[in-house]
Each structure stands twice: as structure tokens, then as C-alpha cells.
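Trainee: Generate a structure from the sequence data that follows.
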Amino acid sequence: MIRNSQIIFAAFTRNGVELALKISSVTGGQVYAPARFNAGIIEPDLKKWTGKIFHEASAIIFISACGIAVRSIAPYINNKLNDPAVIVIDERANYVIPILSGHVGGANDLARTIAEIINAQPVITTATDVNNLIAVDEWAVKNNCRIENPECIKKISADILENNNYKNIGVAVTYENIKTPFHVTLILRPKILFLGAGCKKNTDSEKFARAAEKFLNDSGVNILSLNALASINLKANEPAMINFARDNKIKFLTFSADELKNLQGVFTSSERVKKITGVDNICERAAMKAAGENAVLLRNKIIIDGITFALARGEEA
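Mentor: Purely as a prediction, here's the structure:
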């Protein structure tokens with residue numbers, strides 16, 4: 001889902017700015033325009049401005065002609081998993097047109113939402129949508145799954161559109177590393193795994209990442225299914241953990257010693273850890289705490305290169 005703080009509006013006329021402000025009052029986001037308007041400033045160069053915000057924004061909404069938007073974003077388009085949603089709206093608020101990342105980026109859904117706000121017509125052009133068929137990439141986003149092999153999306157979508165129902169084409173939704181069951185298998189990774197960890201102060205970031213990847217591989221699970229890295233709040237500013245979470249685009253959650261200590265369950269106990277932190281176990285407890293109610297501890301405490309890890313599964317992504 002689009003995060004409000006990362007919606008960016010680009011408008012170029014007074015009517016366009018007013019329309020952007022009207023929409024942003026509901027959706028949130030920041031309005032930018034030429035310097036003569038009371039908004040964030042786009043000038044002097046639209047293409048350079050677009051380059052600066054392209055990978056920071058979850059959605060960019062142009063109140064302009066389609067050509068302006070297309071020329072502005074063209075140099076920065078990379079792939080559908082990382083590109084932001086891009087939408088164009090005419091300044092008279094007649095049409096709302098998603099032109100990039102309709103499914104994975106959420107542009108189609110956002111366009112429909114905006115169209116309702118301003119009483120406009122959403123112009124959706126993706127084939128599965130216009131034929132009222134399921135789009136596997138959109139389904140993945142709505143169900144908080146990561147797409148491991150996006151090159152298969154086109155083949156799956158073509159099969160759905162052509163109603164071929166080939167037996168050697170399919171989708172696998174799993175956090176486990178498995179042998180693909182079909183000749184063409186789109187693999188979706190539900191983000192339901194929570195990695196608990198503990199390490200010494202100023203542990204090397206590369207060492208931490210290698211150890212974490214080994215732990216996950218040995219556990220038979222895929223790193224794309226990680227929802228969060230979790231630890232005690234004493235580690236809230238630990239660079240290795242912060243970097244691992246950032247590099248893998250997951251949350252980094254920390255909990256107080258009391259929060260971890262009060263967690264019900266059977267955990268591997270260490271008097272040494274208790275003397276230092278106030279709680280007898282960090283990695284198992286943190287993983288279970290992060291995973292929430294009805295969490296399942298998939299793997300108990302393991303030490304790799306002096307770093308402790310544990311793994312839990314949550315019910316919701």
C-alpha cells in the first residue's frame with residue numbers, strides 16, 4: 001500500500017496546484033510546483049528534480065499532460081519491483097491515468113482512490129484489469145508477498161489471459177526453499193518470518209549479514225520472506241543490525257528487557273546474557289515478540305561467528 005508521506009505531486013498551473021492540494025488533503029503527500037506558486041519548488045530543471053525524488057517516493061502524481069510525465073520519468077525507470085507508482089491527472093480533473101507500476105507499485109488502486117476523491121474517470125489499461133482477471137503481481141502486493149522471480153509474471157499473466165490452463169505453469173506461495181513444482185513457477189514469498197538476533201557491540205556489518213544468510217539458508221527458508229529483524233532495545237543503534245534491515249528492506253524492531261522477560265514460553269536460558277541485559281535470552285524472545293500472537297518458534301538459538309539467531313513465524317505478513 002502507498003505510504004502517504006511518500007506521495008509526491010507535481011503541478012505546473014494554478015488549477016493544477018489547487019487540484020493537487022485538494023487530493024493531498026485526503027491522501028497526504030507533498031505538493032511541488034514552479035517557484036511562483038506557494039508549494040515545494042520544482043524549478044529549475046524538471047528532469048533533474050524527478051531524478052532526485054524518483055526512488056524516494058512511493059508514488060509520483062503529475063497534474064499535467066502525459067508527455068510531460070513520460071519524458072520526466074523515462075531516464076529513471078528500472079523495473080516493476082522497485083519503480084514508484086506514477087499517475088497522470090489532467091488539470092480539469094477529468095481523467096486519472098496510471099502509467100507506471102500499476103500492480104506492484106499500487107498505481108491502479110491509487111488511481112481509483114483519487115478518481116473517487118475528485119469525481120473523475122480512472123483510465124486503467126493493464127490487460128488483466130480490463131478483462132476482470134486476477135493479476136498475480138497485484139495479488140502478491142495485496143497479500144504482502146515478495147516476488148522472487150518477476151520474469152515469470154508475464155508468462156503467468158499470458159496464460160491467464162489466453163485461458164490456456166497449462167499444467168506446467170503455476171504459482172508457489174511459500175517461505176521455504178523448495179524445488180519448483182512447475183516448469184514455469186512464479187515464486188511468491190509471504191513476509192511472515194521474524195529473525196531474532198543478538199551480537200556484540202560494533203559487530204562488522206558484512207560479518208552479520210553473512211551469518212544471518214547462513215542461518216536462514218541452513219533453516220531452509222528464503223530471506224525474501226523476512227518481515228523484520230528483532231532484538232533488545234540495547235541494540236537499537238547497532239550499525240550491523242540497522243544496515244541488515246535497510247539492505248533487505250525489512251523492519252528493525254527492538255524491545256525492552258521487561259517486554260522480552262514477560263513473554264510466555266520456553267526459551268534457551270543464559271545466565272551470562274541475563275547479567276548483561278536483564279533478560280535470559282534475546283534472539284528467541286525477540287523473534288517471538290515481533291511475530292505477535294500465535295507465533296511459532298521455527299528454530300531455536302543458534303550461534304554463528306559469535307552472533308546469536310532464532311527464527312519465528314507469524315500468522316500475518
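
Trainee: Span of stretch 100-120 from start to end?
Mentor: End-to-end distance of stretch 100-120: 19 Å, with Cα to Cα, to the nearest Å as the criterion.

Trainee: which SS class is the spatially most central residue of the chain?
Mentor: Nearest residue to the geometric centre of the chain (Cα atoms, centre = their mean): Lys249, 6.8 Å. Secondary structure for Lys249, judged by DSSP: H, G, I helix; E, B strand; the rest coil, is coil.

Trainee: Before we move on, what's the pLDDT of it?
Mentor: Lys249 carries a pLDDT value of 91.

Trainee: swap in Ala35?
Mentor: Reported pLDDT for Ala35: 89.

Trainee: Surely it touches Trp49?
Mentor: No: contact between Ala35 and Trp49 fails when scored by Cβ atoms under 8 Å: they sit 11.8 Å apart. C-beta: built from backbone N, CA, C; applies to glycine.

Trainee: just the helices in the stretch 151-300 of the chain please.
Mentor: With DSSP state H, counting those that start in this stretch applied, the stretch 151-300 of the chain shows helices at 153-162, 205-218, 239-247, 257-261, 271-277, 283-291, listed in chain order.

Trainee: May I see the buried residues of stretch 289-307?
Mentor: Buried residues in stretch 289-307, counted by 16 or more other Cβ atoms under 10 Å: Lys289, Ala290, Ala291, Ala295, Leu297, Leu298, Arg299, Lys301, Ile302, Ile304, Ile307.

Trainee: of Ala35 and Trp49, who's got more company?
Mentor: Using other Cβ atoms under 10 Å, the more surrounded residue of Ala35 and Trp49 is Trp49, with 18 against 11.

Trainee: and that one, what helix or strand is that in?
Mentor: helix 46-53 (DSSP states H and E).

Trainee: Check which helices and strands that helix sits against.
Mentor: strand 7-11, helix 66-73 (3 or more Cβ pairs under 8 Å, 6 or more residues apart in numbering; DSSP states H and E).

Trainee: most tightly surrounded among the ones you listed?
Mentor: strand 7-11 (a mean of 25; mean count of other Cβ atoms under 10 Å).

Trainee: ok and that one relative to helix 66-73, angle-wise?
Mentor: Calculated by axes from the mean of the first three to the mean of the last three Cα atoms, to 10 degrees, strand 7-11 forms an angle of 120 degrees with helix 66-73.

Trainee: Find me the pLDDT at Val123, would you?
Mentor: pLDDT, Val123: 95.

Trainee: returning to that earlier point: would you mind finding the most buried of the helices of the stretch 151-300 of the chain?
Mentor: By mean count of other Cβ under 10 Å, the helices of the stretch 151-300 of the chain have helix 283-291 as the most buried, with a mean of 27.

Trainee: Only the C-alpha atoms, please, for it, written as CSV.
Mentor: Extracted in CSV, the C-alpha atoms of helix 283-291 (Å, rounded to 0.1, in the frame of the first residue of the first chain):
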residue,chain,number,x,y,z
CYS,A,283,17.1,-13.8,20.0
GLU,A,284,14.3,-16.3,20.7
ARG,A,285,12.3,-13.9,22.7
ALA,A,286,12.7,-11.0,20.3
ALA,A,287,11.7,-13.2,17.3
MET,A,288,8.6,-14.4,19.1
LYS,A,289,7.7,-11.0,20.4
ALA,A,290,8.0,-9.5,16.9
ALA,A,291,5.9,-12.3,15.4
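
Trainee: Just want the angle from it to helix 205-218.
Mentor: 80 degrees.

Trainee: Tell me which other helices or strands helix 283-291 touches.
Mentor: strand 193-198, strand 226-232, strand 251-255, helix 257-261, strand 296-304, strand 307-313.

Trainee: ok, back up a step: make a markdown table from the helices and strands packed on helix 46-53 and add distance to Gly40 and mean pLDDT to it.
Mentor: As requested, the helices and strands packed on helix 46-53 are arranged in a markdown table below (distance: least, Cβ to Cβ, whole Å; pLDDT from 0 to 100):
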| stretch | distance to Gly40 | mean pLDDT |
| --- | --- | --- |
| strand 7-11 | 9 | 96 |
| helix 66-73 | 15 | 96 |
